[in-house]
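Visitor: Sharing a model that was predicted from the sequence below.
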Amino acid sequence: MRAMDRLVLQELSERPRTTGEVAELSGITEGEVLLQLRELNDRVKTLLGYENDPITTTAGGTWKAEGVAGLLRLNANVELEVVPKFLDPSTSGWRTDFFLLAVLVRTGHLLVHDEISAGTQDRGDLATLIARSLLNLHSENERRPIRSYRRTTSSDFAIDGDVEWESLVLPDPDGFEVSRLELTRRNPYNATLAAAVATLIPEVSDVDTQAQLRLLGRQLAPQSNPPAVFPPLPVRHRGWQQAYDLARLVVEGLGLNLDGGAFTGPGFLLSTWSAWQSLCEEVVRRALPNHKVVGQMRWVLGHRGVQPVYATPDITPLRGTAASLLLDAKYKTRVGRVPSISSADVYESVAFLRASGAATMKLLYPALSAPDQLPLGEWKSFDEVKIDELSITGYEVQVQGLAQAGGFDRLVAGARAALQPSLEPAANATQTA
């Protein structure tokens, strides 16, 4: 089987002569490549609800991705690894950072105790990284397999179970029809794990990982197809939650659906701006355990007739019912210019602050600088706007390296250090009152 060729695109960065390169690797014309790219864009737009193409191309064959990141299959020979703009594709750790971000955003929890083992991240591609993580999670729980009760029907002359009495008069050639209630591994949870394993086997490039996946597939067999709607995992099997969630992501997002020989399934991908917003919310929630952190809280800004007009900031930390500050996750920055808060963001921030009664707004942008210039977790202020008693500050937040040991803890500690000075005056005022 021919190895898959992978091309790396950095979000918002142009990659010259890509159309010709894909045509040469795939053995097709450039016109056919453009048709495949159009089909890929249509699939991603449908999946993420986008209006514009996430991957654009010029007449000269230059490609640029915007708004998406992850693993995308273009055809049977070529797939694209699209790197978020705030991660560095020249480093070996960007895949683990992206993978941790993807699982956190899609499942709401961190994977493998807030870090991914070094042996896993050195495997070299995103699909193999996903496979190694699934194998590790299964290994942690295989002594407590997922079993559930299942009603089975069979024919036998030895009666052990509930017999269908009509068959006593006219038994089948194979015996009496008997119904049993069995505690078995054949259930929708293991079927989901088995489907994820089957999906990953042809995707990974590491031979050792492929062999381990095949062994796991034999251990899980036989299983039926995964369910159309994934049932929640029973509480008694909560140790399997991370493995089950990851398997669901693979089945939903890395599926290989063939239609006339053409790849039609989406890849393991994220909406980058949505992922950034979810990451910021999770970090702030953990940094402020004494506050109720609410995402997309609606504040009444005014009225249109009798109907309220709402302002909805991304993140609102509450102490009681009052908000002393607001945060908004911003993704787009003005590339190539001195960083500053745009006028549109200033107007929007003022509306949020007026509606909520807060006086401080912090705008969070992903840092594009390297970790040696801005360490992991640190917030760097680059612009501030003051309007009467209102303060609006823009920050670059460094997230490169979040998958390393203790990386997420450093991200949370950096957020706590940056937020605490703005919260202390409110806390002191409450104590004085």
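Guide: Looks like it came in fine. Numbering: from 1, shown residues only.

Visitor: Name the helix or strand of this structure that has the lowest mean pLDDT.
Guide: Within the chain, no helix or strand scores below strand 258-259, which has a mean of 38 by mean pLDDT, DSSP states H and E.

Visitor: where does the stretch 201-350 of the chain dip in pLDDT?
Guide: 253-268, 333-337 (pLDDT under 70).

Visitor: Quick one: the helices in it, in order.
Guide: Secondary structure of the stretch 201-350 of the chain (DSSP state H, counting those that start in this stretch): helices at 207-220, 241-253, 272-287, 343-356.

Visitor: Any chance of a markdown table for these, columns distance to residue 301?
Guide: Yep, even glycine has a C-beta here, placed from its N, CA and C like the rest. Below are the helices of the stretch 201-350 of the chain laid out as a markdown table (distance: least, CB to CB, whole Å):
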| stretch | distance to residue 301 |
| --- | --- |
| helix 207-220 | 53 |
| helix 241-253 | 37 |
| helix 272-287 | 21 |
| helix 343-356 | 4 |
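
Visitor: Identify whichever of these lies nearest to residue 316.
Guide: helix 343-356 (6.9 Å; CB to CB).

Visitor: quick one on the thing from earlier: could the helices of the stretch 201-350 of the chain be laid out in a markdown table, adding mean neighbour count and distance to residue 297?
Guide: A markdown table is the format used below for the helices of the stretch 201-350 of the chain (neighbours: other CB atoms under 10 Å; distance: least, CB to CB, whole Å):
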| stretch | mean neighbour count | distance to residue 297 |
| --- | --- | --- |
| helix 207-220 | 16 | 43 |
| helix 241-253 | 22 | 27 |
| helix 272-287 | 21 | 11 |
| helix 343-356 | 18 | 8 |
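
Visitor: Please name whichever of the ones you listed is nearest to residue 199.
Guide: helix 241-253 (5.5 Å).

Visitor: can I have the closest one written out in CSV, keeping just the CAs?
Guide: Taking C-alpha atoms only, helix 241-253 is exported to CSV below (Å, rounded to 0.1, in the frame of the first residue of the first chain):
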residue,chain,number,x,y,z
GLN,A,241,-14.8,8.2,29.4
GLN,A,242,-11.7,9.6,27.8
ALA,A,243,-11.1,6.6,25.5
TYR,A,244,-14.8,6.6,24.5
ASP,A,245,-14.8,10.4,23.8
LEU,A,246,-11.7,10.1,21.7
ALA,A,247,-13.1,7.1,19.8
ARG,A,248,-16.2,9.2,19.1
LEU,A,249,-14.1,12.0,17.7
VAL,A,250,-12.4,9.6,15.4
VAL,A,251,-15.6,8.0,14.2
GLU,A,252,-17.2,11.4,13.7
GLY,A,253,-14.3,13.3,12.3
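
Visitor: Which secondary structure elements does it sit against?
Guide: helix 94-107, helix 126-141, helix 188-200 (3 or more CB pairs under 8 Å, 6 or more residues apart in numbering; DSSP states H and E).

Visitor: in terms of contact, does residue 127 touch residue 71 like I think?
Guide: Yes - taking contacts as CB atoms under 8 Å, residue 127 lies within contact range of residue 71: 6.4 Å.

Visitor: of those two, who's got more company?
Guide: residue 127 (28 against 24; other CB atoms under 10 Å).

Visitor: ok, that one to residue 55 distance?
Guide: As judged by CB to CB, to the nearest Å, residue 127 and residue 55 stand 19 Å apart.

Visitor: Residue 269 reaches residue 73, doesn't it?
Guide: No - at 10.3 Å, residue 269 does not count as touching residue 73 under the criterion of CB under 8 Å.
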